[in-house]
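A.B. asks: from the sequence below, what's the structure:
(2 chains)
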Number of protein chains: 2
Amino acid sequence: MSSPVVIEVTRGPVVESRHEGIAAVVKPDGTVVGAWGDIDRPILPRSANKPIQAMAFVESGAVERFGLGNEHIALACASHSGEKRHVETVRAWLVKVGLSEADLECGIHPPRLQATIEELARTGKSATAAYNNCSGKHSGFLTTALQYGEPTRGYIKYDHPVQRRLREVMTDLCGDDANGFPYGTDGCGIPTLATPLKSLARAMANMAEPSRLSNKHAEAATRIRAAMNAEPFMMAGTGRFCTRINQALPGVAQIKTGAEGVFCGMLPTLGLGIAIKILDGAARAAEVAMASLLHHFDVLPAAERDEILHPPVRNVVGLLVGEMRPAKSWLAKSSLG
Amino acid sequence: MSSPVVIEVTRGPVVESRHEGIAAVVKPDGTVVGAWGDIDRPILPRSANKPIQAMAFVESGAVERFGLGNEHIALACASHSGEKRHVETVRAWLVKVGLSEADLECGIHPPRLQATIEELARTGKSATAAYNNCSGKHSGFLTTALQYGEPTRGYIKYDHPVQRRLREVMTDLCGDDANGFPYGTDGCGIPTLATPLKSLARAMANMAEPSRLSNKHAEAATRIRAAMNAEPFMMAGTGRFCTRINQALPGVAQIKTGAEGVFCGMLPTLGLGIAIKILDGAARAAEVAMASLLHHFDVLPAAERDEILHPPVRNVVGLLVGEMRPAKSWLAKSSLG
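C.D. replies: Numbers count the residues shown, from 1 in each chain, chains lettered A, B, ... in the order given. Presented below is the predicted three-dimensional model:
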């Protein structure tokens, strides 16, 4: 097995902490272009495969029927921060299809930014389901169920047609039978399928370069990638890594983070898919790993390079006290196929 | 080298994430009672050695001179949540010694609890330096400088007498020359000394069972341990692990968390010191590792056992979707000396 992903966190002269991970870079036919660690290992993709989960929504024709656009497709792929534009767009979307926040089964969690929490407190309001980072994905699920005349209630359950359809798409994209994957329950209540990392990367490769897919899948994949680049704010929010990269690399990269250290990416100009899992679940390391792979495949703009390859570690007063970085042992040429 | 600490995070039938760490359990004379992973490795103790950093403050006589008590000693050892009682006690302390929050050099960060952030926003206030989780420790530093007639300004600098004194105490407690340790800058601005894990555990053992120390050190250590148990809320805050354990085990255990996955503990009835470092820096795993060691040494009350040995992982709506747990491979009898 090739050496794993290693991300270091320094403080002064000391490597204070260290993250290990696995990463796969794969072509649409499953050819492995880069492998670090055990890429056959099943991992829970969590939110990192939301772009795949948006396929059935886009394929259903609901976007046209309900007059939706790129911002809604991006929200269906998003883990958003619950900022004003995210929340208002989700609410307006639900009204447009004749539903409301009460139909969302994702639950309520506080918004990500302190400023948003403070704004709610100042105005005497509370977060609602639209603030949930997954509210766009769930709105997509509800809209798809409506489009096919299926019950909206229970759309998060493993056997609901909405979830069955996600497994069909995953099967078509990754080449394995997703109905055979073990699964856990995601933060937002839907099943998250234990997918071999290599297969997840292959699914991303088929999203990136969809010529092997059916016309229906290929058109949806192309549309989803365009929406991720066109509405990068909707993908995440202020200061977020996904927003920054999807904005900086239109047509070149579309990336999506997931909980517990997962990151997926599509590189359409190279025809490659990327899947990363930091084994300890650290998001900070998954970002540096994704930045490192984008740099390795030479698609990272110079303007972004230093800060995202070596994010500063600052203390409370803002003093630079360390950095994060890919370990020198990682990304040796030998690990490329 | 013995096998490392391993903490698992499950979701459904899958081990989703996994943390590795090192841990040492040591007697006051340096005899190693338990070793997991490379315990000679230097680590940055961060806030986990605040009880040691409070020694010089207690030894100075400032507690008596200024009419301070257990709540102030506990705050000097604390990483508190910035709740009302923490903030008010720090402010009153500074007034008592003729100083103010403007003298604190720890900087300002948002309080830990969303409820506190919301309360500030509702009342149109902002966090101040007293809300900083280290404000009690810094008040102790300032008070010590006053007591010895030293300049208060610059008390966070490596060469200030306050910091020099911390290195003297550490040297006496751990048996190594702490002036030779490399160091980084901590979140609150003071030096954090790269201490071999085994030496950090030995220092904790000498705090736990101080018969090998000078009278001055021994009295201060005993007083600090008593304060940690007497004022557990001051050590951390609502819902926090340090508060819970220091409250549940008076006279039996005194524990303190640190950033980046460090945890230290004293077991006076057994005459042992504990030091843990989760290599990836995860606090969630350091807590389960500390709970596991307390259980291993048979000092964990039955009432606390299940929930802290196997903390539940819940999703947004509160559904139980997984758990954290020590891996079966860890804590085999063979790793005990």
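A.B. asks: which ones are touching the residue sitting furthest away from the middle of chain A?
C.D. replies: Centroid-distance maximum for chain A: A:Pro13 at 34.1 Å, with CA atoms, centre = their mean. Residues in contact with A:Pro13 (CB atoms under 8 Å, 6 or more residues apart in numbering or on different chains) are B:Pro182, B:Gly184, B:Ala194. The way it works is simple: take the backbone N, C-alpha and C, and place the C-beta from them, glycine included.
A.B. asks: now the second one: which helix or strand?
C.D. replies: I take that to be B:Gly184. In this assignment (DSSP states H and E), B:Gly184 forms part of strand B:183-185.
A.B. asks: got it, and A:Arg244?
C.D. replies: Per DSSP H and E: helix A:241-248 holds A:Arg244.
A.B. asks: what's the distance between the residue in the stretch 51-200 of chain A that chain B sits nearest to and B:Thr243?
C.D. replies: Closest contact between the stretch 51-200 of chain A and chain B, by CB to the nearest CB, is at A:Gly184 (2.9 Å). Using CB to CB, to the nearest Å, we find A:Gly184 at a distance of 31 Å from B:Thr243.
A.B. asks: for the stretch 1-150 of chain A, what are the low-confidence residue spans?
C.D. replies: For the stretch 1-150 of chain A, applying pLDDT under 70 flags the ranges A:1.
A.B. asks: for it, give the residue positioned nearest to chain B.
C.D. replies: For the stretch 1-150 of chain A, CB to the nearest CB, closest residue to chain B: A:Gly12, 2.9 Å.
A.B. asks: one step back: quick check: the residue farthest from the centre of chain A vs B:Pro51, distance?
C.D. replies: Distance from A:Pro13 to B:Pro51, by CB to CB: 26 Å.
A.B. asks: give me the nearest residue to A:Cys264, chain neighbours excluded.
C.D. replies: A:Ala48 (4.2 Å; CB to CB, 6 or more residues apart in numbering or on different chains).
A.B. asks: oh sorry, the question was meant for A:Ile22
C.D. replies: Of all residues not flanking A:Ile22 in the chain, A:Gly37 sits nearest, at 3.4 Å (CB to CB, 6+ apart).
A.B. asks: ramachandran angles for that neighbour?
C.D. replies: phi 80, psi -170 (degrees, to the nearest 10).
A.B. asks: show me the helices in chain A, by range?
C.D. replies: For chain A, the helices defined by DSSP state H cover A:50-53, A:55-59, A:62-65, A:70-76, A:84-96, A:114-122, A:135-147, A:161-174, A:197-208, A:215-230, A:232-235, A:241-248, A:283-296, A:302-309.
A.B. asks: what does the stretch 1-150 of chain A put close to chain B?
C.D. replies: A:9-14, A:16-20, A:42-44, A:106-110, A:114, A:117-122, A:124, A:132 (CB under 8 Å from any CB of the partner chain).
A.B. asks: of those residues, select the buried ones using a ChimeraX command.
C.D. replies: To isolate in ChimeraX the members of these that are buried, counting by 16 or more other CB atoms under 10 Å in any protein chain shown, one can use:
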select /A:9,10,11,12,14,16,17,18,19,20,42,43,44,106,107,108,109,110,117,118,120,121,132
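A.B. asks: enumerate the residues of the stretch 201-337 of chain A near chain B.
C.D. replies: Counting by CB under 8 Å from any CB, the stretch 201-337 of chain A sits next to chain B at A:260-261, A:279-282, A:285, A:315-319, A:321-322.
A.B. asks: that older thread, which other residues reach the helix holding A:Arg244?
C.D. replies: Here helix A:241-248 has contacts from A:79, A:228-229, A:232-233, A:235-237, A:253-257, A:287, A:290, A:294, A:301, A:303-304, A:308, using CB under 8 Å, 6+ apart.
A.B. asks: next, the angle helix A:215-230 makes with it.
C.D. replies: Interaxial angle, helix A:241-248 versus helix A:215-230 (axes from the mean of the first three to the mean of the last three CA atoms, to 10 degrees): 100 degrees.
A.B. asks: off-centre distance for helix A:241-248?
C.D. replies: Distance of helix A:241-248 from its chain centroid, counting by CA atoms, centre = their mean, to the nearest Å, is 12 Å.
A.B. asks: average pLDDT for that helix?
C.D. replies: Mean per-residue pLDDT for helix A:241-248: 97.
A.B. asks: dump the C-alpha coordinates for that helix into PDB.
C.D. replies: Backbone C-alpha positions of helix A:241-248 (Å, rounded to 0.1, in the frame of the first residue of the first chain) are rendered in PDB as follows:
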ATOM      1  CA  PHE A 241     -13.000  26.800   1.400                       C
ATOM      2  CA  CYS A 242     -15.600  25.300  -1.000                       C
ATOM      3  CA  THR A 243     -16.900  28.800  -1.900                       C
ATOM      4  CA  ARG A 244     -13.400  30.100  -2.500                       C
ATOM      5  CA  ILE A 245     -12.200  27.200  -4.700                       C
ATOM      6  CA  ASN A 246     -15.400  26.800  -6.700                       C
ATOM      7  CA  GLN A 247     -15.300  30.600  -7.400                       C
ATOM      8  CA  ALA A 248     -11.600  30.600  -8.300                       C
END
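A.B. asks: compute the inter-axis angle for that helix and helix A:283-296.
C.D. replies: Using the same axes, to 10 degrees: helix A:241-248 against helix A:283-296 is 20 degrees.
A.B. asks: next, the buried residues of helix A:241-248.
C.D. replies: Buried residues in helix A:241-248 (16+ other CB under 10 Å): A:Phe241, A:Cys242, A:Thr243, A:Arg244, A:Ile245, A:Asn246, A:Gln247, A:Ala248.
A.B. asks: identify, from these, the entry nearest to A:Gly69.
C.D. replies: Nearest to A:Gly69 among the buried residues of helix A:241-248: A:Asn246, at 16.4 Å, using CB to CB.
A.B. asks: put the buried members of the contacts of helix A:241-248 into a ChimeraX selection.
C.D. replies: The following ChimeraX line selects those of those that are buried, judged by 16+ other CB under 10 Å:
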select /A:79,228,229,232,233,235,236,237,253,254,255,256,257,287,290,294,304,308
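A.B. asks: how many residues are close by A:Ala56?
C.D. replies: Neighbours of A:Ala56 under the rule other CB atoms under 10 Å in any protein chain shown: 25.
A.B. asks: quick one: residues contacting it.
C.D. replies: A:Ala56 neighbours (CB under 8 Å, 6+ apart): A:Thr144, A:Val162, A:Arg165, A:Leu166, A:Glu168, A:Val169.
A.B. asks: what distance do you get for the fourth one to A:His72?
C.D. replies: Using CB to CB, one obtains 18 Å as the distance from A:Leu166 to A:His72.
A.B. asks: looking at these two, which is more packed in?
C.D. replies: A:His72 (27 against 24).
A.B. asks: now do the contacts for the closest residue to the more buried one other than its chain neighbours.
C.D. replies: Computed as CB to CB, 6+ apart, the closest residue to A:His72 that is not its neighbour in sequence is A:Trp93, at 5.6 Å. A:Trp93 is in contact with A:Leu68, A:His72, A:Leu75, A:Gly136, A:Ser139, A:Thr143, counting by CB under 8 Å, 6+ apart.
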